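[1] Fold the following for me, if possible:
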Amino acid sequence: MIIRPKAATLLLRLAFLIIGLVLVLFPFYITVVTAFKTPQESTQNFFALPSSFNLDNFRTVIQRANYWRFVFNSTVISVVSVCFIAVLIPMASYAIARNFNKRYYKTLYYFIIMGIFIPFQVIMLPLSISMRRSGLNNITGVILFYIGVSFMKGVFLFTNYIRTTVPIELEESVYIDGGSVARAYFSIVYPLIMPMVATIVVLDFLWIWNDFMVPLILLNRNPSNWTLPLFQYNFKTQYTFEYNLAFASYIMSILPVLLVYIFAQKYIVSGLTSGAVKS
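    Next up, the predicted model:
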């Protein structure tokens, strides 16, 4: 039997897709089945399906571990951060985009986006020292850090999005009628850049909700300030052999961001494809 080149290429692609699908779904399968197992079932066969739909692990996480306190902390940090990001970054990017021919704004733009190329590991130790000396090793400090870091990617995307998709003639019509820059921005520009705003909000919410390193550096000393990822890290070390409880907590923390991504993925695709073009 002779296999044609096109058929061979198709089979090769299909094989890679199947391998990738297994690599992605297998850890998720382990997480789900372990969360619904009893400790006895986990010790007998770690990979087998649970014998019954057991919710005791989820009840134990909620009742014993002060789970909702950490949900509240993660929610406050994520929501407050993305609200400031959705307001401040588009405003700064608009000022840069409309004055990009001026040396000051162009220099500021390149200075901001240079931070994209600096790994977090480089600033990890200076961040810990400076935030502790400033008294910002708390939830407020974490929020300020996320807002500051978001400027690097956000300014890059918004500036190019505004320059390539928002005609300046629309704003000039407002100026002719005696309107101010603020009126032109809020009545014309901001509604037009809502796809990019939605993109940044969703991506940053997913990142902040799941982030582990920053809370570990700034919040680990005070258990009342723990976020969900930090709680899961300490929870696993405290209950070393309670894998069922740990996996149950993973499922509970995955569901909110999974729902957010499912309902907002179309904004992510449309926003990135329109605004990620470097001019």
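[2] How many residues are close by Phe72?
    With neighbours defined by other CB atoms under 10 Å, the count for Phe72 comes to 12. Bear in mind the C-beta positions are built from the backbone N, C-alpha and C, glycine included.
[3] Okay, buried residues for whichever strand or helix holds it please.
    Using DSSP states H and E, the element containing Phe72 is helix 67-98. Neighbour counts over helix 67-98 (16 or more other CB atoms under 10 Å) mark 67, 70-71, 73-74, 77-78, 80-82, 85-86, 89-90, 92-98 as buried.
[4] ditto for stretch 201-212
    201-209, 211.
[5] and for that stretch, what are the contacting residues?
    74, 77-79, 81-82, 85-86, 146, 150, 154, 227-230, 233, 253, 256-257, 260-261, 264, 267-268 (CB atoms under 8 Å, 6 or more residues apart in numbering).
[6] could you redo the last one with a cut-off of 7 Å?
    74, 77-78, 81-82, 85-86, 146, 150, 229-230, 233, 257, 260-261, 264, 267-268 (CB atoms under 7 Å, 6 or more residues apart in numbering).
[7] What about Val174, how many residues nearby?
    So Val174, with other CB under 10 Å, has 17 neighbours.
[8] same question, Ala198
    17.
[9] Enumerate every residue touching Tyr109.
    96, 155, 159.
[10] distance of the second one from Gly115?
    Read it as Val155. For Val155, the distance to Gly115 equals 10 Å [CB to CB, to the nearest Å].
[11] on contacts alone, who are the packing partners of the helix holding Phe72?
    Under the contact criterion of 3 or more CB pairs under 7 Å, 6 or more residues apart in numbering; DSSP states H and E, helix 67-98 touches helix 103-113, helix 139-165, helix 194-210, helix 228-238.
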